[in-house]
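Undergrad: I would like the atomic coordinates for the input below:
(chains A and B)
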Amino acid sequence: MTYTATSTSTALEVPAAPTVGYWAGVWRRLRRDPVSLICAAILLALIFCAIFAPWLGFADPYTGSMIARLKPIGTPGHILGTDELGRDMLARLIYGGRLTLFLGITPVVAAFVIGTSLGLIAGYVGGWVNSMIMRVTDIFFAFPSVLLAIAISGALGAGVVNSLVSLTIVFIPPITRVAESVTASVRKLDYVDAARASGAGNFTIVRVQVLGNVLGPIFVYATSLTSVCMIISAGLSFLGLGVKPPEPEWGLMLNTLRTAIYINPWVAALPGMMIFITSLCLNLLSDGLRSAMNVRQ
Amino acid sequence: MFTYLLRRLVYVIPVALGVSLICFLLVHIAPGDPLVAVMPIDATAEQEAEMRAVYGFDKPLPVQFGIWLGNAVQGDLGRSIATGRAVAPEVTRAVGNTLLLAAAASVIGFPLGIFFGFMAGYLRDTVWDRIITATAIAGVSTPNYWLGMVLVIIFSITLPWLPSMGAGPGGSSDWTWDWLHMRHLVLPAITLAVVPMGIVMRTTRALVSDILDQDFVQALYAKGMTNSGVLRHVARNAAPTALSVIGLQLGYLLGGSILIETVFNWPGSGYLLSVAILQRDLPMLQGTILVLAMFFVTLNLLVDIAQSMIDPRISRA
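TA: Numbering: from 1, shown residues only, chains lettered A, B, ... in the order given. Have a look, this model is predicted:
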């Protein structure tokens, strides 16, 4: 009620206010959400450091001195200490962001593209095509996601590419399911009928009428999967299934430092701290995006 | 109701078949010959062929699947490539330990999640709501394998209160319900409970706050019902969805425990899996995954049935 009152009064005062587009509105709401802004800033800083790490003057993450092994946090020259091979922790954490973020984001992007296409086809075409796609999806849903990722990675063996493949397979079914249900509900709406009556072909309807209305919710859902994906991919490396040593990666670092918890516990816990902070920011940002885009799930 | 049950039961069959097919294919998507890892380098071609025949890898894939499925239904999951021992008994013992851990985590996580989620939904937009929501999102964002390490650092190393390894004193794996064994359960169970607790909290909060917005709540208040009476109605309306989330999270506990068991050397299916992965023991991997996935399928079926009993609208749809 208060909303209508204020909007009419502003409308009276500023009669020539330009109509704000959907994305401009989302951005305006997001800009007023301090939590989302802080999270976005932290994430951008992490991504920036990960991309430009070699030019930011950090120590070499691959070479260390066996004499300077497992130094505590605050050691001169090694602000965050050193790892079990005497390598600088700060450098390894920064460089570790490269693979961890890459393995957290890429599978979701790939699954977003594939899952949205499958869901669009299933939801729009319907009939036996829908049954076929959705029944296969159901089978993959019969596995808890961590278990499926470990199963596929375990069979394929360790390695970055195998990790990417298994995580993409894990996230296609949930995205397909969301895309299918959104598409199926949009397809029944009047403006799709109107477009069809005006002679638009299926391809045009999907591109013009459907796609614009389903991408938002699917996108928000996909962003909420990013933190899960990062935790699982680091978990794969933690099990020895993802990234191989000596590559710096947060999950793998956590694994190789496990035995060091008796000597220098807080240095050993640092890589996990990074995973936690990143995934917290991803989740908070995804929540902020969801309320800014008015998506309900 | 009865037709719904029947339909739901029939529907499990293709899913179970699909799950078995995926588990079966796990061995065959693996690069190279599944036997390569275990054959000695100087094995002759005849010996290799003999091994292949023993494990049945010489037959065409569909035939292999048929034989494998037939055996699996009868409780025979093949033999471990690494040790030659039968897979099924080892998996059964390990899954038992995993279930124990998952049950302990459920006892900690679900009641807390529901209680605080309900509180946050009811006290929406108060300080309590903010605190609970923040806790929940932190819980959901936690990599639990790291949390396990942190808890070990605090409660086993800094404060020597609780053991950090195994399921009993001296690495014993025979479980008994005494304090000596149960104290081994505390840290892994808490670690495992954190993520599902956060998810249940978030879901319950959203559910309760949605239901409180509905007209019937206004109507109940208007006819003079007490607060606790209204809350009972809210709880009843939230129950089916909350139940299905809890069912899913039980499945998550089975998957999530794999990493936790590795951290705490808990002798469960996750530990078995990580050993199988290290040794590239594919039949062991396959058998463990199959049993866990079938467990999850059954769990989902039970949740659906329970849900339709609480909420009659579901079986009529």
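Undergrad: The closest residue to chain B within chain A: how many residues sit nearby?
TA: Distance from chain B to each residue of chain A (CB to the nearest CB) is smallest for residue A:272, at 2.7 Å. Quick note: C-beta positions are derived from backbone N, CA and C, even for glycine. Neighbours of residue A:272 under the rule other CB atoms under 10 Å in any protein chain shown: 25.
Undergrad: check contacts around it.
TA: A:250, A:254, B:143, B:145-147, B:149-150 (CB atoms under 8 Å, 6 or more residues apart in numbering or on different chains).
Undergrad: Quick check, pLDDT for residue 188.
TA: If you meant another chain, say so; for now it's chain A. With respect to pLDDT, residue A:188 scores 84.
Undergrad: nope, chain B
TA: Reported pLDDT for residue B:188: 90.
Undergrad: my read: it touches residue B:259, true?
TA: No. Under the criterion of CB atoms under 8 Å, residue B:188 makes no contact with residue B:259, lying 10.6 Å away.
Undergrad: Looking at the contacts of residue A:272, which one is closest to residue B:86?
TA: Using CB to CB, residue B:145 comes nearest to residue B:86 of the contacts of residue A:272, at 30.2 Å.
Undergrad: Please determine how far that closest one is located from chain A.
TA: Distance from residue B:145 to chain A, counting by CB to the nearest CB, to the nearest Å: 5 Å.
Undergrad: shouldn't that residue be in contact with residue A:237?
TA: No. The criterion here is CB under 8 Å, and residue B:145 misses it with residue A:237 at 10.4 Å.
Undergrad: On the three-state scheme, residue A:71 is what?
TA: Per DSSP: H, G, I helix; E, B strand; the rest coil, the local secondary structure of residue A:71 is coil.
Undergrad: Surely it is in contact with residue A:80?
TA: No. The criterion here is CB under 8 Å, and residue A:71 misses it with residue A:80 at 9.3 Å.
Undergrad: Could you check how far the residue of chain A closest to chain B is from residue B:11?
TA: 40 Å (CB to CB, to the nearest Å).
Undergrad: swap in residue B:60?
TA: For residue B:60, the distance to residue B:11 (CB to CB) stands at 30 Å.
Undergrad: do residue A:39 as well
TA: To residue B:11, residue A:39 is 41 Å away according to CB to CB.
Undergrad: of the two, who's got more company?
TA: residue A:39 (22 against 14).
Undergrad: so which strand or helix has that one?
TA: helix A:34-52 (DSSP states H and E).
Undergrad: Output the contacting helices and strands for the very next helix or strand once past that helix.
TA: Later in the chain than helix A:34-52, the nearest helix or strand by DSSP H and E is helix A:89-125. With contacts defined as 3 or more CB pairs under 8 Å, 6 or more residues apart in numbering or on different chains; DSSP states H and E, the packing partners of helix A:89-125 are helix A:34-52, helix A:127-141, helix A:160-187, helix A:211-238, helix A:250-256, helix A:265-292.
Undergrad: Need the winner for burial among these.
TA: helix A:250-256 (a mean of 27; mean count of other CB atoms under 10 Å in any protein chain shown).
Undergrad: Next up, the contacts around the nearest residue to the residue of chain A closest to chain B once chain neighbours are set aside.
TA: Of all residues beyond its chain neighbours, the one nearest residue A:272 is residue B:146 (2.7 Å), with distances taken as CB to CB, 6 or more residues apart in numbering or on different chains. Residues counted as contacts of residue B:146 (CB under 8 Å, 6+ apart) are A:254, A:269, A:271-273, A:275-276.
Undergrad: Between those residues, which sits nearest residue B:74?
TA: Comparing the contacts of residue B:146 against residue B:74 with CB to CB picks out residue A:254 as the nearest, at 41.3 Å.
Undergrad: Need the per-residue pLDDT for the closest residue to the closest one other than its chain neighbours.
TA: Leaving aside its sequence neighbours, residue A:254 sits nearest to residue A:271 (CB to CB, 6+ apart; 4.5 Å). Per-residue confidence (pLDDT) for residue A:271: 89.
Undergrad: Could you list which residues are in contact with residue A:271?
TA: A:93, A:96, A:250-251, A:253-254, A:257, B:146.
Undergrad: ok, the residue nearest the centre of chain A - contacts?
TA: Nearest residue to the geometric centre of chain A (CA atoms, centre = their mean): residue A:226, 2.0 Å. Residues near residue A:226 by CB under 8 Å, 6+ apart: A:104-105, A:108, A:282, A:286.
Undergrad: For residue A:172, list the residues it contacts.
TA: Taking CB under 8 Å, 6+ apart, one finds A:111, A:114-115, A:118, A:140 in contact with residue A:172.
Undergrad: what do you get if the cut-off is 7 Å, keeping everything else the same?
TA: A:111, A:114-115 (CB atoms under 7 Å, 6 or more residues apart in numbering or on different chains).
Undergrad: For residue A:225, see how far away it is.
TA: Distance from residue A:172 to residue A:225, by CB to CB: 11 Å.
Undergrad: any residues in contact with both of these two?
TA: By CB under 7 Å, 6+ apart, no residue touches both residue A:172 and residue A:225.
Undergrad: How about the residues of chain A by chain B?
TA: A:135, A:138-139, A:142-147, A:150-151, A:154-157, A:227, A:231, A:234-235, A:238-241, A:254, A:258, A:261-262, A:265, A:268-269, A:272, A:275-276, A:279-280, A:283-284 (CB under 7 Å from any CB of the partner chain).
Undergrad: got any ranges where the stretch 101-250 of chain B has weak pLDDT?
TA: Counting by pLDDT under 70, the low-confidence segments of the stretch 101-250 of chain B come to B:167-180.
Undergrad: For it, which segments count as helices?
TA: Secondary structure of the stretch 101-250 of chain B by DSSP state H, counting those that start in this stretch: the helices cover B:127-140, B:144-152, B:179-212, B:215-222, B:227-264.
Undergrad: just the ones you listed: most buried one?
TA: Highest mean neighbour count among the helices of the stretch 101-250 of chain B (mean count of other CB under 10 Å): helix B:144-152, with a mean of 24.
Undergrad: How far off centre is it?
TA: Chain-centre distance of helix B:144-152: 18 Å, with CA atoms, centre = their mean, to the nearest Å.
Undergrad: what's the angle from that helix to helix B:127-140?
TA: Relative orientation of helix B:144-152 versus helix B:127-140 (axes from the mean of the first three to the mean of the last three CA atoms, to 10 degrees): 110 degrees.
Undergrad: so which of the helices and strands packed on helix A:89-125 comes closest to residue B:77?
TA: Comparing these by CB to CB, helix A:127-141 comes nearest, at 19.7 Å.
Undergrad: Give me the angle between that closest one and helix B:227-264.
TA: Going by the same axes, to 10 degrees, helix A:127-141 makes 70 degrees with helix B:227-264.
Undergrad: Give me the angle between the helix or strand following helix A:127-141 and helix B:227-264.
TA: Downstream of helix A:127-141, the next assigned helix or strand under DSSP H and E is helix A:145-156. Angle of helix A:145-156 versus helix B:227-264, following the same axes, to 10 degrees, is 20 degrees.
Undergrad: by contact count, what packs against helix A:145-156?
TA: When contacts are defined as 3 or more CB pairs under 7 Å, 6 or more residues apart in numbering or on different chains; DSSP states H and E, helix A:145-156 packs onto helix A:160-187, helix A:211-238, helix B:2-29, helix B:227-264, helix B:282-310.
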